[in-house]
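[1] The sequence and its predicted three-dimensional model are supplied below.
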Amino acid sequence: MTLLSGIRVLDLSLQLPGPYCTMMMADYGADVVKIDEPEPRVRNPFSAEEPGTGSVERYLNRGKKSLTLNLKSDEGKEIFRKLAAGADVVVEGFRPGVVKRLGVDPGTLRAENPRLVYCSISGYGQTGPMRDTAGHDINYISYAGVLGACGRKGEPPTLPPVQIGDLFGGGMMALSGILMALLERQRTGKGRVIDVSMTDGSLAMLALVAPSVLAGEMVPERGNMVLTGMFPCYEAYRCADGEYVSVGPLEAWFWKGFVEALGRPDLTDGQYALGEEGERVTSELSKVFAGKTRDEWVRAFEGKDVCLSPVLSVLDALSHPNTLARKMVLPVESPLGGTDRQLGMPIKIDGVPEAPRRAPLLGEHDDEILAGLGYTKGRIADLRAKGVIRKR
């Protein structure tokens with residue numbers, strides 16, 4: 001028995017936000033049924049030639065069951081509605097209006113199952129003037145002001161290496177909303193309809209910037225905002241080998257120990273220096289760090305409480321001793337045989353096993369799920385022949 005045991009989730013989502021959200025739920029015990037097209041198209045650069053078998057898909061789909069279903073057919077709609085009548089959560093990531101056309105919208109499904117929590121993830125929300133606008137992560141964080149804040153002063157915006165809108169604005173906001181709705185349902189017996197906009201979620205990430213801007217306390221400028229290069233004490237510095245260290249001694253005691261360890265106590269008053277003085281302090285620190293390699297600096301500061309770190313590559317981060325000690329890389333059974341090395345479970349909860357289950361093959365659970373709804377072998381064979389489910 002794990003945290004979400006007994007919770008059945010129907011996952012209608014594609015791409016990244018919804019599958020990430022439902023993967024998190026599957027990791028912690030939910031029964032997630034991924035609804036796939038019987039003959040799926042390759043939708044993005046991460047898909048393998050054989051649907052569902054790429055490394056990213058094997059990660060995002062782990063712990064789930066796969067049911068292929070043609071929702072454009074009357075029989076496919078009927079099957080999904082039967083599933084939804086006994087489900088706890090539906091997650092979808094279509095453009096607004098699509099689920100209504102398919103007949104699997106919250107109004108239709110919750111009329112039969114008022115306990116259902118229905119979560120829609122979209123780029124700009126189910127309401128508002130941009131509800132029908134196409135987009136991807138880069139577009140959502142552009143409208144949210146996040147991309148405009150990324151990068152150095154006077155230089156072009158820098159594309160972040162993680163999908164802020166998809167994963168945090170979409171996936172994690174959806175997960176939070178679903179869990180809150182499930183918690184409330186314990187008291188009321190009724191579900192909720194959740195509207196997650198990836199742009200809204202990205203805007204919410206501006207927690208340290210937006211309040212000051214809205215209060216009229218600052219005019220935001222790329223590379224010159226709090227924690228984006230505004231202060232010498234929060235910066236990445238280039239080392240002799242071309243690698244970087246990051247420093248973040250924001251508190252006065254950290255900064256004092258930092259400049260003393262560098263042998264530059266003369267910079268003590270330059271922690272939050274701005275303008276020309278800030279540029280001078282940053283320049284002085286740059287000269288100091290250019291005198292040793294990254295790893296030499298890490299060793300020099302070992303044991304000192306000053307907030308200095310090596311800037312690691314993704315490969316180095318995945319093999320770092322702390323990453324491994326925290327089980328953030330784990331072997332997971334592969335649907336192709338053997339095991340995959342995958343990211344571990346980031347939320348550590350006492351008594352919850354950190355052992356994600358493997359991803360399914362496309363349509364692997366068609367017969368099992370349909371049989372659970374009362375369909376006979378002959379009826380399942382008929383659905384397969386009609387293309388309502390995947391043909392073998």
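    Looks like it came in fine.
[2] how about the closest residue to residue 105 other than its chain neighbours, what does it touch?
    Excluding its sequence neighbours, the residue lying closest to residue 105 (CB to CB, 6 or more residues apart in numbering) is residue 99, at 4.4 Å. Placement of C-beta: from N, CA and C, glycine included. Residue 99 sits next to 12, 92, 105-106, 120 when contact means CB atoms under 8 Å, 6 or more residues apart in numbering.
[3] again, only this time at 10 Å
    The contact partners of residue 99, by CB atoms under 10 Å, 6 or more residues apart in numbering, come to 12, 71, 90, 92, 105-109, 118, 120.
[4] From the residues you listed, which land in strands?
    90, 92, 118, 120 (DSSP state E).
[5] May I see those residues organised as TSV, with neighbour count and distance to residue 309 added?
    TSV is the format used below for the ones in strands among the contacts of residue 99 (neighbours: other CB atoms under 10 Å; distance: CB to CB, whole Å):
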residue	neighbour count	distance to residue 309
90	31	42
92	22	40
118	26	42
120	26	39
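[6] closest to residue 283 among those residues?
    Nearest to residue 283 out of the ones in strands among the contacts of residue 99 is residue 120 (CB to CB; 50.2 Å).
[7] Dig out what that closest one forms beta bridges with.
    residue 92, residue 195 (DSSP bridges).
[8] surely it meets residue 193?
    Yes - Residue 120 is in contact with residue 193 according to CB atoms under 10 Å; the separation is 7.6 Å.
[9] Mind listing the shared neighbours of those two?
    Shared contacts of residue 120 and residue 193, counting by CB under 10 Å, 6+ apart, come down to 90, 105-106, 126.
[10] And those residues, which is closest to residue 142?
    Looking across the shared contacts of residue 120 and residue 193 and measuring by CB to CB, the closest to residue 142 is residue 126, at 20.4 Å.
[11] okay but residue 305 is in contact with residue 249, surely?
    Yes - counting by CB under 10 Å, residue 249 is a contact partner of residue 305 at 9.2 Å.
[12] Which of those two has more residues huddled nearby?
    Between residue 305 and residue 249, counted using other CB atoms under 10 Å, residue 249 has the larger neighbour count: 20 against 12.
[13] circling back: tabulate the ones in strands among the contacts of residue 99 (CSV), appending pLDDT and distance to residue 312.
    Shown next, in CSV, are the ones in strands among the contacts of residue 99 (pLDDT from 0 to 100; distance: CB to CB, whole Å):
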residue, pLDDT, distance to residue 312
90, 98, 39
92, 98, 37
118, 98, 40
120, 98, 37
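[14] residues contacting residue 363?
    With CB under 10 Å, 6+ apart, residue 363 has these contacts: 36-38, 40, 51-52, 66-69, 384, 389-392.
[15] ok, now with 6 Å
    Going by CB atoms under 6 Å, 6 or more residues apart in numbering, residue 363 touches 66, 68, 390.
[16] Can you tell me the element it falls in?
    Using DSSP states H and E, residue 363 is not contained in any helix or strand.
[17] ok, now residue 176?
    Following DSSP H and E, one finds residue 176 within helix 173-188.
[18] Can you work out which other helices and strands pack against that helix?
    The contact analysis (3 or more CB pairs under 6 Å, 6 or more residues apart in numbering; DSSP states H and E) places helix 173-188 against helix 17-27, strand 117-122, strand 193-197.
[19] leaving aside the residues next to it on the chain, what's closest to residue 300?
    residue 292 is the one closest to residue 300 (CB to CB, 6+ apart), at 7.0 Å.
[20] How many neighbouring residues does the one you found have?
    Residue 292: 16 neighbours (other CB under 10 Å).
[21] Likewise for residue 215?
    8.
[22] Any regions of the stretch 251-392 of the chain where pLDDT drops low?
    For the stretch 251-392 of the chain, no stretch has pLDDT under 70.
[23] just the helices in it please.
    252-262, 275-289, 294-300, 314-318, 321-325, 366-372, 377-386 (DSSP state H, counting those that start in this stretch).
[24] quick check: angle from the first one to helix 275-289?
    Using axes from the mean of the first three to the mean of the last three CA atoms, to 10 degrees, the interaxial angle of helix 252-262 with respect to helix 275-289 works out to 50 degrees.
[25] if we can go back for a sec, put together TSV for the helices of the stretch 251-392 of the chain, with mean neighbour count and distance to residue 188 on each row.
    Converted to TSV, the helices of the stretch 251-392 of the chain look like this (neighbours: other CB atoms under 10 Å; distance: least, CB to CB, whole Å):
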stretch	mean neighbour count	distance to residue 188
helix 252-262	17	47
helix 275-289	15	54
helix 294-300	16	53
helix 314-318	11	43
helix 321-325	10	41
helix 366-372	17	28
helix 377-386	14	37
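[26] and of these, who's closest to residue 217?
    Nearest to residue 217 among these is helix 275-289 (17.6 Å), distances taken as CB to CB.
[27] Give me the helices and strands touching that closest one, please.
    If you count contacts as 3+ CB pairs under 6 Å, 6+ apart, helix 275-289 packs onto strand 235-238.
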